[in-house]
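A.B. asks: give me the fold of what follows.
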Amino acid sequence: MEEKINFIERILGSGFYTGYIPFASGTFGSLVALLIYAIPGFEKPEVLIPFIILFTLYGINIGNKFEDTYGKDPSECTIDEFVGMWISLLFLPKVFWISILAFFIWRLMDIVKPYPARRFEKFEGGLGIIADDVVAGIYSLIFLHLFLFIFV
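C.D. replies: Predicted coordinates for the structure are as follows:
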């Protein structure tokens, strides 16, 4: 039985309607997450980490409803892009070029889904929608910190 998606769930689940863009919805969702990150103070771990946790837990629930409505890991659901993008930015200096680099590294990791991220995508429902992006976000985070440690 299909669960009805309410207005707030539709806004958040679709990443402020980026999921309804007919192409590259994940990229647009990540871009909106990056714009939210640009809000002064949002980069502080005491702000960013609770948002990551909230969007992860809420995203699993919303993801279940989006899957019931649109099918397996639907492009309409982009709340997972917010979680992965924000994980990628954790504890990084809030500098424009680093934020842009984080965006591109995150998108690469999300698309390629290095092992075991792709396996997490196979989980049922909202957990599968969110889990692979959490893993890809962690990969991005590690890569970016290593890059900055070695080269900057």
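A.B. asks: every contact and neighbour count from this point should use C-alpha atoms.
C.D. replies: Will do.
A.B. asks: got the buried residues for the helix or strand of the chain with the lowest mean pLDDT?
C.D. replies: The weakest-scoring helix or strand in the chain, judged by mean pLDDT, DSSP states H and E, is helix 117-120 (a mean of 92). Neighbour counts over helix 117-120 (16 or more other Cα atoms under 10 Å) mark Ala117, Arg118, Phe120 as buried.
A.B. asks: for stretch 118-130, same thing?
C.D. replies: By 16+ other Cα under 10 Å, the buried positions in stretch 118-130 come out as Arg118, Phe120, Glu121, Gly125, Gly126, Leu127, Gly128, Ile129, Ile130.
A.B. asks: so which of those residues is the closest to Ile100?
C.D. replies: Comparing the buried residues of stretch 118-130 against Ile100 with Cα to Cα places Ile130 closest, at 22.4 Å.
A.B. asks: what's the strand or helix carrying the closest one packed up against?
C.D. replies: Using DSSP states H and E, Ile130 falls within helix 125-151. Helices and strands touching helix 125-151, as assessed by 3 or more Cα pairs under 8 Å, 6 or more residues apart in numbering; DSSP states H and E, comprise helix 45-70, helix 79-89, helix 96-112, helix 117-120.
A.B. asks: for the shortest one, name the packing helices and strands.
C.D. replies: This points to helix 117-120. If contacts are counted by 3+ Cα pairs under 8 Å, 6+ apart, helix 117-120 sits against helix 125-151.
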